[in-house]
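Undergrad: Sharing a model that was predicted from the sequence below.
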Amino acid sequence: MKRIFLLILLLFSIPVLQAQDEKWQGVYIYSFTRYVQWPDEYNQGDFVISILGESPMVQELQNLAEKKKVDGRTIKLVRANSISEIKKCNILFLPDNQSQLLASVLTHTNDWATLVVTHQEGLGKKGSCINFVSKDGKPSFELNMNAITKHQLKVFNELTRHAIML
């Protein structure tokens, strides 16, 4: 009986844990805007965050976009259904279910000053700028300085102090 109860409890807690992941990831993505510097041509108009494919992160980022601004600029969320639909943006989030497309995404965004953010083990080393990971059971992120430099971005020391540096 105890096993059945524990199994039911575990099954019901998984959606809660996933929702918590999306919440902290959304907060982190917004926080990155304060510690990353984009070239001047990327500092005009709306601050654009693109998401490739379907992700529950869309709703979390939408909630933040309704309440927050980036240096006085409106946050605009754009969802792309395919790599060819991705346009120049400040941040591109690649959800777990699209992670196999990282190499193609990096080719597509090669000349852009876009912060590519992923969430799957190993993608930081494969070229994403920031990759969400779990370290000792706590949320964390990897920072790939080579990718940051390649994408013409600069990061402030405050961000590097909290990151797992690659």
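TA: Nice, I can see it.

Undergrad: Show me the helices in this protein, by range?
TA: Along the chain, the stretches classed as helices by DSSP state H are 2-35, 57-67, 102-108, 145-150, 157-162.

Undergrad: roughly how far out does the second one sit from the chain middle?
TA: Averaging C-alpha positions (Cα atoms, centre = their mean, to the nearest Å) puts helix 57-67 13 Å from its chain's average.

Undergrad: What residues of it count as buried?
TA: Neighbour counts over helix 57-67 (16 or more other Cβ atoms under 10 Å) mark 57-58, 60-61, 64-65 as buried. Where you see a C-beta, it was placed from the backbone N, CA and C, and this is true even at glycine.

Undergrad: ok, of the helices of the chain, where does mean pLDDT dip lowest?
TA: Of all the helices of the chain, mean pLDDT reaches its minimum on helix 2-35 (a mean of 59).

Undergrad: re the thing from before, would TSV of the buried residues of helix 57-67 with distance to Gln37 be doable?
TA: Shown next, in TSV, are these (distance: Cβ to Cβ, whole Å):
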residue	distance to Gln37
Met57	24
Val58	26
Glu60	24
Leu61	21
Leu64	20
Ala65	21
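
Undergrad: Nearest to Thr33 among these?
TA: Thr33 has its nearest neighbour among these in Leu64, at 10.0 Å by Cβ to Cβ.

Undergrad: got a list of what that closest one touches?
TA: Residues near Leu64 by Cβ atoms under 8 Å, 6 or more residues apart in numbering: 26-27, 29-30, 75.

Undergrad: Are any of these buried, and if so which?
TA: Buried among these by 16+ other Cβ under 10 Å: 26, 29-30, 75.

Undergrad: wait, Gln62 sits on Leu77?
TA: Yes: between Gln62 and Leu77 there is a contact at 5.8 Å, judged by Cβ atoms under 8 Å.

Undergrad: From Ala103, how far out is the residue nearest in space to the middle of the chain?
TA: The C-alpha lying nearest the average C-alpha coordinate of the chain belongs to Val117 (Cα atoms, centre = their mean; 3.6 Å). As for Val117, its distance to Ala103 is 16 Å (criterion: Cβ to Cβ, to the nearest Å).

Undergrad: go on, His151?
TA: 15 Å.
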